[in-house]
Structures are given as structure tokens and as C-alpha cells.
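heads up, no residue letters with this:
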Ligand code: NAD
């Protein structure tokens, strides 16, 4: 007998402990060769005053085992501590979130009988970087962070995943008609990388119509790769339309560590009632077994699970009279699954995993890029000021601007209000003044500092500045609406 593979587990909050108990029983009965190390995370830890939601010793366990099977945890909305899920994904470099969403027609009621979609969601960047500011009485701001290496990594992962799993097509969801620089980068990198995988079809869609089509005709999709926020939203939709959000498992893959969890949350309203569907976490544990090379146990659990779905042994979220045969609670669901270990589905396609197959492609190599010539050509200065319009603001700063810089535009909430602002435009207390050099010589940082000094001396409230660069002569900043 080989040494058992150490796995870190956490029971989490809400329904977490119930679905984790069910999953561990199934894993133990399956013959999977695992040694569990349990850590505490979530609400109980926050309540002890540990604001990142995890004891330092828990990080040691994760770094040692490098494999984490995690039940959902509760994160407060609108305030309180930060999401531990986001912290873990970022700290351990778990850049790829893989969420397969499959229909089990006719055994689980769904409008989409042939749906089989895998969502590959970027897991570390985007608005989930959590960089937010309140700069004035009226205005808050969140930074959407999209990087070239982050985009390349997740897009390559999606194509490698498609190839390894015999998938035919990868679709990118973006919103680069609006966010031309950030989503635009993701789209450009997608087109570049797709060209390296001629055996796999590729297409891109604007996320709004993409999401509508996913909800309406999911069978037209195969693998979808997308940014963090869009991926989070569309994977809940995709899982829900297979029959229940409780059905889907997911993996979070990094170069060194991996985390496996259900896609749903801690469902506090049904916690402690023995009614939660443990399938999401059980199928996540199947993904984990494949990841650590225990394909035989993965196949055994997955096939017994499919057989049980076929046999109509269902939890309340997927129970349908006339289709289901028995309504079971969380514990009986696990026991029925254990009773079927060794059986295979007779109608649904059986799961088949290769021994030694890996669901991760550790160390995805990134391309080398020539450094571009970066030139400072101006600055956006954001002012907190209540009242007036664009012309008033231009008059207020006119005497303060000089030297290398000229006022080229003022916007409010991204809408141009000077020159030639529309009288109808609603203005808040957050103004952006765009100051540009002559376009030939680079602007000197000293000119910007001196300008800010004059603004401060005149009592203007500068709340933010953003340097404006060109890269190989192309502007690295967006125009204002109406400019
Ligand atoms: P949720 O996924 O917990 O619940 C949404 C709905 O689905 C509820 O009606 C719930 O009863 C039902 N549901 C979810 N899982 C189910 C299951 N296994 N069986 C049967 N029904 C199930 O989403 P929410 O209510 O928006 O969030 C609750 C909490 O979970 C929040 O604090 C949120 O931050 C957290 N959350 C955690 C994770 C995670 O730990 N990975 C993910 C999402 C949400």
C-alpha cells in the first residue's frame, strides 16, 4: 500500500459541516487512499478576532498538503470581513476556477437535456482584487484589474483543458465594446493564444448576449473562458439550469496548490436540517481524486453517483414527483451512494478517468514580450467639488494650469462636460480634469508635481491622480464618453 495522500479539509459554515461529513464518508468507503488534516476557517475564526478567517497554522497545513477540500463559508454582504475564498485563491495562486455544469436528463428535471458546459473562470484578478475607494461624499470606486500574464495563463489553461478533455470549442465572454482597454486586453490575448490551438474552435461573445444564450441554448457552448466576475455569475446560472446549483463541483488550480469546493455557498437558511444536496462537494472531491492521480476511486464515486441519480434517489432541491423515486436527506444520500460503489449508470454516460490523468497543467509557460516604449504624456487629476458645471470647473482651474500641460477635457462620471458639455448631463462631486503635454516631448513628473502644488495652494481637493502614458505611440487610457 502506498502512503496516503495528505489532504487538508475544512468543514466551513452553514450546510458546510453536513455536506463535508457526507463527502468524507463516501471518500472513505470508496477506498481512496487519503489522510485528512482538518483546519478551522470561516465565521468561528472571524469571531475569535482573526480577520483573515484562518489561523496561521491552517496556512502551514495547506502549504504542506497543497490540496484543499473545502466546504462553503459565509461572507457578510456590504461590510465586515473580506471574503476568505478570495484571500485563499489569491494567496495560493489558484488562478483557474473550473466549473463543469452538466445535465442529467431525464433523471434531473431541466429545460436543457443535452447541456455539458465547462466554465473556466479567471480567479485572481478583475473587480475581485477588491481595490475599492470612497473619494467624495457621493462617489465610490472599484478598480477592475486585468493583467496580460493573468489573462494569458487562464486562456492557455482553457485551451489545454479543452485539448486534454477532448472538447471541441472554447468561447470567450468579454465586454470590450465598453471596457476597451481591460476586457480588450483579455480579448486580444484570447485571439493570440487561440491561434496556437488550431485543432480547437474558438469564438468570442459580448458577455450580455453570451449569458442570455447560455441560459437559453447552453448546448451551443462547450468550454467558456472568462473574467472573474462574469465567470462567477454565469457559472451559478449554468449550474442552476442543469437542475440545481447544488449539483456542481469546482476546482481552483494553481501552479503549486489546488482547492476543490462546491460552487454553491453555505445556504444558511437550510443549514442543520439534513436536507442539503451534498453532490457539489462530492463531485468536487472526484475532481480532487483525478488531480492527485487516484483515478480509480474518482471513477468509482462518480459512477455510483450517476447510478444513484438514475435510480431517482434525490435530495429535495432536485426531487420531482413522477421522475424521482425517493426523497432523501443529506446523510441518506451519502449512504445510498456508498451502497452503489462499484456500480455504473445504465443510461447516463459513465465517467471514465485515466490513471495518472491530471486536471491541472502546472507551470503553464508564458510568452516573452518585447518591452514597449512607455512615455508619460499627461495626467488625469480628480477633484472633489460640489456644484456647478464643466465650464465653471474649467474657469476655476484656468489660472493654475501652465508650463508643459494644457487642460484638454473635463469629465464627470466618465462623461465629458468640458469643452462643449451637454447642459443635461448630471454631475456629482467627482471631477476628472485631463491635462496633456504637447504630444511631442514627454511630460516631466516635476511638471505634474508643480501643478498639484498649485491646485493645493488654491484650496482644490485633489482626491486622485492617474498618469497618462503612451505605449509605442498608442494611448494607454480611455477617452471620455462624448469626447
Ligand atoms: P447559496 O449558494 O448558499 O444559496 C443559494 C440558494 O441555493 C439557496 O436557496 C440555497 O438554499 C440553495 N442551495 C445552495 N446550495 C444548496 C445545496 N447544496 N442543496 C440544496 N440547496 C442549495 O448562495 P447565497 O445564499 O447567495 O450565499 C450564502 C452564503 O454563502 C453567503 O455568505 C455567501 O458569501 C457564501 N458563499 C460562499 C461560497 C464559497 O464558500 N465558495 C460561494 C458562494 C457563496
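Good, I have the coordinates. Please read all numbers here as calculations on a predicted model, not as lab measurements.

Dihedrals phi and psi, the residue in the stretch 151-300 of the chain positioned nearest to the ligand?
In the stretch 151-300 of the chain, the residue that lies nearest the ligand is residue 265 (2.4 Å; Cβ to the nearest ligand atom). Quick note: C-beta positions are derived from backbone N, CA and C, even for glycine. Phi and psi for residue 265, reported as degrees, to the nearest 10, are phi -100, psi -160.

what number of residues lie near the closest residue to it other than its chain neighbours?
Closest residue to residue 265 apart from its sequence neighbours, by Cβ to Cβ, 6 or more residues apart in numbering: residue 72 at 4.9 Å. When counting by other Cβ atoms under 10 Å, one arrives at 27 neighbours for residue 72.

Name all residues that make contact with residue 72.
By Cβ atoms under 8 Å, 6 or more residues apart in numbering, the contact list for residue 72 reads 12-16, 261-262, 264-267.

run the last query once more with 7 Å
12-14, 16, 261-262, 264-266 (Cβ atoms under 7 Å, 6 or more residues apart in numbering).

Could you dump those into CSV with pLDDT added?
Formatted as CSV, the contacts of residue 72 follow (pLDDT from 0 to 100):
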residue, pLDDT
12, 95
13, 95
14, 97
16, 98
261, 96
262, 95
264, 93
265, 94
266, 96
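
Out of those, which end up buried?
Buried members of these, counted by 16 or more other Cβ atoms under 10 Å: 12-14, 16, 261-262, 264-266.

Show me those residues that map onto helices.
Counting by DSSP state H, the buried ones among the contacts of residue 72 place residue 16 in helices.

Just put the buried ones among the contacts of residue 72 in CSV and tack on distance to residue 38.
What follows is those, written out as CSV (distance: Cβ to Cβ, whole Å):
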residue, distance to residue 38
12, 11
13, 15
14, 17
16, 12
261, 15
262, 18
264, 21
265, 21
266, 17
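
can you tell me which of the buried ones among the contacts of residue 72 are in strands?
By the criterion of DSSP state E, membership of those in strands covers 261-262.

Tell me the one of the buried ones among the contacts of residue 72 nearest residue 370?
residue 261 (39.7 Å; Cβ to Cβ).

That closest one bridge partners, please.
Assessed by DSSP bridges, residue 261 has beta-bridge partners residue 250.

separation between it and residue 430?
Residue 261 sits 38 Å away from residue 430, taking Cβ to Cβ, to the nearest Å as the criterion.

Report how many residues lie close to residue 296.
Counted with other Cβ under 10 Å, residue 296 comes out at 15.

Quick check on residue 402: phi, psi?
phi -180, psi -170.

Could you measure from it over to the ligand?
51 Å (Cβ to the nearest ligand atom, to the nearest Å).

Just give the number of residues close to that residue.
Counted with other Cβ under 10 Å, the neighbours of residue 402 add up to 12.

still on that earlier bit, looking at the contacts of residue 72, spot the one nearest residue 275.
residue 14 (12.3 Å).

Just give the nearest non-adjacent residue to that closest one, would you?
The shortest distance from residue 14 to any non-neighbouring residue, by Cβ to Cβ, 6+ apart, is to residue 266 (2.9 Å).

Can you pull the phi/psi pair for that neighbour?
When quoted as degrees, to the nearest 10, the phi and psi of residue 266 stand at phi -80, psi 0.

Where do the helices of this protein begin and end?
16-30, 43-47, 56-65, 84-91, 148-164, 182-194, 207-216, 228-242, 279-291, 295-310, 330-339, 390-397, 445-457.

possible to save these as CSV with distance to the ligand?
Shown next, in CSV, are the helices of the chain (distance: least, Cβ to the nearest ligand atom, whole Å):
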stretch, distance to the ligand
helix 16-30, 6
helix 43-47, 9
helix 56-65, 15
helix 84-91, 5
helix 148-164, 18
helix 182-194, 23
helix 207-216, 17
helix 228-242, 7
helix 279-291, 6
helix 295-310, 14
helix 330-339, 8
helix 390-397, 41
helix 445-457, 40
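
Show me where the chain dips below the pLDDT cut-off.
1, 355-363 (pLDDT under 70).

And it, what are its domain boundaries?
Per automatic domain parsing, the structural domains of the chain span 5-339, 374-475.

Would you point to the one among these that's packed deepest?
By mean neighbour count, with neighbours taken as mean count of other Cβ atoms under 10 Å, domain 5-339 ranks first of these at a mean of 20.

What is the end-to-end distance of it?
From its first residue to its last, domain 5-339 covers 24 Å (Cα to Cα, to the nearest Å).

For residue 244, give me its contacts.
Counting by Cβ under 7 Å, 6+ apart, residue 244 has contacts 277, 317-318.

do that again at 10 Å, thanks
108-110, 264, 277, 279-280, 314-319 (Cβ atoms under 10 Å, 6 or more residues apart in numbering).

Leaving out chain neighbours, which residue sits closest to residue 347?
Here the residue nearest residue 347, using Cβ to Cβ, 6+ apart, is residue 310, at 5.8 Å.

Please tell me how far the nearest residue to residue 382 once chain neighbours are set aside sits from residue 162.
Leaving aside its chain neighbours, residue 382 sits nearest to residue 464 (4.0 Å; criterion: Cβ to Cβ, 6+ apart). Look at residue 464 and residue 162: by Cβ to Cβ, they are 41 Å apart.

Could you do residue 325 as well?
Taking Cβ to Cβ, one finds residue 325 at 36 Å from residue 162.

looking at the domains of the chain, which is closest to residue 366?
Short answer: domain 5-339, nearest of the domains of the chain by Cβ to Cβ, at 5.4 Å.

Verify the stated contact: residue 29 with residue 339.
Yes: if you go by Cβ atoms under 10 Å, residue 29 and residue 339 touch, sitting 9.2 Å apart.

can you pull the contacts of the residue located most distally from the centre of the chain?
What lies farthest from the middle of the chain is residue 399; by Cα atoms, centre = their mean that is 46.8 Å. By Cβ under 10 Å, 6+ apart, the residues touching residue 399 are 454, 458.

Would you confirm that residue 307 contacts residue 338?
No: counting by Cβ under 10 Å, residue 307 does not reach residue 338; the two are 11.9 Å apart.

Leaving out sequence neighbours, find the closest residue to the closest residue to the ligand within the stretch 301-450 of the chain.
For the stretch 301-450 of the chain, the nearest residue to the ligand under the criterion Cβ to the nearest ligand atom is residue 317, separated by 3.9 Å. Nearest non-adjacent residue to residue 317, counting by Cβ to Cβ, 6+ apart: residue 244, 4.3 Å away.
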